[in-house]
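Novice: coords please:
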Amino acid sequence: MCNLYNMTDKGTAERYLGSVGASVDVENYTQATVGPFQHGLMVRPGQPGEAAQLVGRLGQWGMIRPGSTTRRPASRAVLTNNARVEGIAERVTYRGPWAQGQRCLILAQWYQEPNWETGRNIWWRMRRADGAPWALAGLWSHWTDPATGELVPNFTMITCNCDAHPLLARLHKPDPKLPSEQQDKRAVAHIDPEDWSVWLHGTQADARALVRPQPAEVFDLADARATDALLTSRERGANVQGSLL
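Specialist: Numbers count the residues shown, from 1 in each chain. Next up is the predicted model:
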């Protein structure tokens, strides 16, 4: 799962979206780091009355439950900025937009995940090795504020299991009571440009098949290598100390 990411700047977003030959309309915004229930850019198909094929609009990163009287849950423990793909068709917050095909792309320069292999949290910034943006799989909706009548765009990132992934399985604090293959660690899912049309317009089954972790070689491994160096240094220090005893 992801609870912090950095938006791609507007110029890069427009060029990246336009690389598939689609007409693009991205509203003005300032590049920023986004946390849960803050505002980020979501890219959805153009709606009736909109000329562009791909439309980028700011929205709340955290989907709003249908019928809710507030923009975010009353409990701070409830986060809706990530949606598990396995339950997306059943959960009240997500099932309507999923059934209606309201899928979107969330462009990110990087997103942040925790690594606990040293015994303390080290944040990794997950970037692409080729420097291109991520186009993360998302779901979007509109919610009408009952107090003001304001139409509030909102979205979530869709996550999948990554227990078997050679890189992503290293992230998040493990549960010591569970074996490695049952941790149910979560990862956001990048959609390649050649799959955008299927993701945004295809069937539920075809879209769901695209929700999968990217291969390890797609990632910039700088933070992983830095953590590996710390682990190696610690191991060498332990070996030296052991040899002196």
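
Novice: next one: the residue nearest to residue 65 when sequence neighbours are not counted from residue 47, what distance?
Specialist: Closest residue to residue 65 apart from its sequence neighbours, by C-beta to C-beta, 6 or more residues apart in numbering: residue 93 at 4.6 Å. No exception for glycine: its C-beta is placed from N, CA and C like everyone else's. Residue 93 is 21 Å from residue 47, where distance means C-beta to C-beta, to the nearest Å.

Novice: between the two, which is the more surrounded one?
Specialist: Set residue 93 next to residue 47 and count neighbours by other C-beta atoms under 10 Å: residue 93 wins out with 22 against 8.

Novice: roughly how far is the host helix or strand of the more buried one from the heart of the chain?
Specialist: Using DSSP states H and E, residue 93 falls within helix 92-99. Relative to the centre of its chain, helix 92-99 is centred 18 Å away, using C-alpha atoms, centre = their mean, to the nearest Å.

Novice: send the alpha carbons of that helix over as PDB?
Specialist: In PDB, the C-alpha atoms belonging to helix 92-99 read as follows (Å, rounded to 0.1, in the frame of the first residue of the first chain):
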ATOM      1  CA  VAL A  92     -19.400  -0.400  -0.300                       C
ATOM      2  CA  THR A  93     -17.000   2.500  -0.900                       C
ATOM      3  CA  TYR A  94     -15.600   1.000  -4.100                       C
ATOM      4  CA  ARG A  95     -18.200  -1.300  -5.700                       C
ATOM      5  CA  GLY A  96     -20.300   1.300  -7.400                       C
ATOM      6  CA  PRO A  97     -17.400   3.000  -9.200                       C
ATOM      7  CA  TRP A  98     -15.800  -0.400 -10.100                       C
ATOM      8  CA  ALA A  99     -19.100  -1.700 -11.500                       C
END
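
Novice: buried sites along the helix or strand just after that helix?
Specialist: Where DSSP H and E defines the elements, the next helix or strand beyond helix 92-99 is strand 103-115. Across strand 103-115, burial judged by 16 or more other C-beta atoms under 10 Å covers 103, 104, 105, 106, 107, 108, 109, 110, 111, 112, 113, 115.
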